[in-house]
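Peer 1: Generate a structure from the sequence data that follows.
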Amino acid sequence: MRNDGRANEQRYNEEDLALYRSGQDPWGHPNVDWIGQSLKNVTVGQKYNLSIEGGSSVAKYFVNLSYRSDEGIYKTDKDINTYKTNANAKIYSLRSNVDIALTKSMDLSINLFGLQRQLSNPGAGSPFSAIYSLPSNAFPMNYGKDKVAGTNDLRNNPYGILNHSGYTRYTHSTMEAQAELGQKLDFITTGLRVRGSLAFDFFFENNINRSKSYVVYEYTGDGEDGKPLFNTWGEEKTGELQLLRSSPRPAFST
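Peer 2: As a prediction, the model looks like this:
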């Protein structure tokens with residue numbers, strides 16, 4: 001009988017293991033820490049708020065401005081592209097309230113709210129699946145900045161996703177406004193009051209997809225002239241798609 005499992009067969013000999021450990025042959029015996037090479041240990045988040053309020057017996061006001069920025073956790077090579085490929089989120093907001101006594105019996109309230117979100121990501125999306133599933137000895141990160149390493153079966157190289165797949169950017173803006181006018185009708189009956197309001201909100205979406213595909217290079221050894229030989233898989237394609245959508249929505253009430 002034959003044991004097809006061949007559990008005692010060695011896939012790597014001692015020389016292979018020594019080269020993986022030493023790093024002396026990074027192309028033929030790669031040993032890549034995909035997590036350490038692709039993710040930062042620390043990233044930066046910032047948040048700022050500015051509030052102003054005041055007034056008198058005639059008018060009162062309140063204004064709040066805020067800004068928030070969250071930098072991406074990915075490690076990217078800033079020398080490769082003229083644009084940023086890291087994940088990034090920025091949020092701007094404005095809130096304002098004004099109350100005005102037009103007369104002793106009539107008052108006006110104006111409320112404004114604005115919000116804008118800007119979200120950016122690598123063109124091929126999140127690299128986490130590749131980072132956590134790719135074997136450390138599958139291939140090196142690259143063979144130079146312009147050659148993304150890979151094979152026909154394994155093309156999702158985190159280095160390629162983060163530096164050679166372009167980017168996507170999504171912007172969503174919302175503006176809401178409300179004006180309310182109130183009139184006391186004490187001359188009819190004490191405490192009687194009528195109010196009318198006008199509200200308007202508007203949103204705008206802008207989705208820019210400038211993702212692209214990249215060629216991966218598989219190292220097969222050195223030629224007779226000593227130059228490295230590669231198989232190539234895939235093709236370079238650049239796409240540019242911009243989607244715009246907006247909608248005003250007025251509302252009236254009394």
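
Peer 1: show me where the chain has strands.
Peer 2: According to DSSP state E, the chain carries its strands in the segments 45-55, 59-71, 88-101, 106-122, 148-149, 166-184, 193-213, 216-222, 228-233, 237-238, 241-253.

Peer 1: right, and those - which one's nearest Asn157?
Peer 2: With CB to CB, the closest approach to Asn157 among the strands of the chain belongs to strand 148-149: 5.2 Å. C-beta here means a position set from N, CA and C on the backbone, and glycine is covered the same way.

Peer 1: Show me how far stretch 134-151 is from its chain's centre.
Peer 2: 24 Å (CA atoms, centre = their mean, to the nearest Å).

Peer 1: re the thing from before, need the winner for burial among the strands of the chain.
Peer 2: Mean neighbour count (mean count of other CB atoms under 10 Å) peaks for strand 148-149 among the strands of the chain, with a mean of 24.

Peer 1: what's that strand packed up against?
Peer 2: helix 158-163, strand 216-222 (3 or more CB pairs under 8 Å, 6 or more residues apart in numbering; DSSP states H and E).

Peer 1: Can I get these in a markdown table including distance to Tyr12?
Peer 2: Below are these laid out as a markdown table (distance: least, CB to CB, whole Å):
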| stretch | distance to Tyr12 |
| --- | --- |
| helix 158-163 | 24 |
| strand 216-222 | 18 |
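
Peer 1: Tell me the spacing between Thr232 and Lys145.
Peer 2: Computed as CB to CB, to the nearest Å, the Thr232 to Lys145 distance reads 16 Å.

Peer 1: Spatially nearest residue to Asn156 (excluding sequence neighbours)?
Peer 2: Closest residue to Asn156 apart from its sequence neighbours, by CB to CB, 6 or more residues apart in numbering: Ala130 at 4.2 Å.

Peer 1: Revised request: answer the last question for Arg195.
Peer 2: Spatially, and ignoring its direct neighbours in sequence, Arg195 is nearest to Gly182 (4.5 Å; CB to CB, 6+ apart).

Peer 1: thought the one you found was touching Arg193?
Peer 2: Yes: taking contacts as CB atoms under 8 Å, Gly182 lies within contact range of Arg193: 6.2 Å.

Peer 1: Give me the contact list for stretch 35-47.
Peer 2: 66-75, 127, 131-132, 141, 158-159, 162 (CB atoms under 8 Å, 6 or more residues apart in numbering).

Peer 1: now do 6 Å
Peer 2: Arg68, Ser69, Asp70, Glu71, Ile73, Lys75, Ile131, Pro158 (CB atoms under 6 Å, 6 or more residues apart in numbering).

Peer 1: Over to stretch 170-178?
Peer 2: Contacts of stretch 170-178 (CB under 6 Å, 6+ apart): 111-119, 199-207.

Peer 1: again, but for stretch 68-85
Peer 2: Residues outside stretch 68-85 that contact it (CB under 6 Å, 6+ apart): 38-40, 43-47, 86-91, 122, 145, 162-163, 167.

Peer 1: Can you show me the CA trace of it as CSV?
Peer 2: Extracted in CSV, the C-alpha atoms of stretch 68-85 (Å, rounded to 0.1, in the frame of the first residue of the first chain):
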residue,chain,number,x,y,z
ARG,A,68,-12.7,66.6,11.9
SER,A,69,-9.9,64.7,10.0
ASP,A,70,-8.9,61.0,10.3
GLU,A,71,-5.8,60.0,8.5
GLY,A,72,-5.5,56.6,6.9
ILE,A,73,-3.8,53.7,8.6
TYR,A,74,-2.1,52.4,5.5
LYS,A,75,1.5,52.8,4.5
THR,A,76,1.8,54.3,1.0
ASP,A,77,4.7,55.5,-1.1
LYS,A,78,4.2,59.2,-1.6
ASP,A,79,6.9,59.3,-4.3
ILE,A,80,5.0,57.1,-6.7
ASN,A,81,1.9,59.2,-7.4
THR,A,82,1.0,62.9,-7.6
TYR,A,83,-2.2,62.2,-5.7
LYS,A,84,-3.0,60.5,-2.4
THR,A,85,-4.0,56.9,-2.3
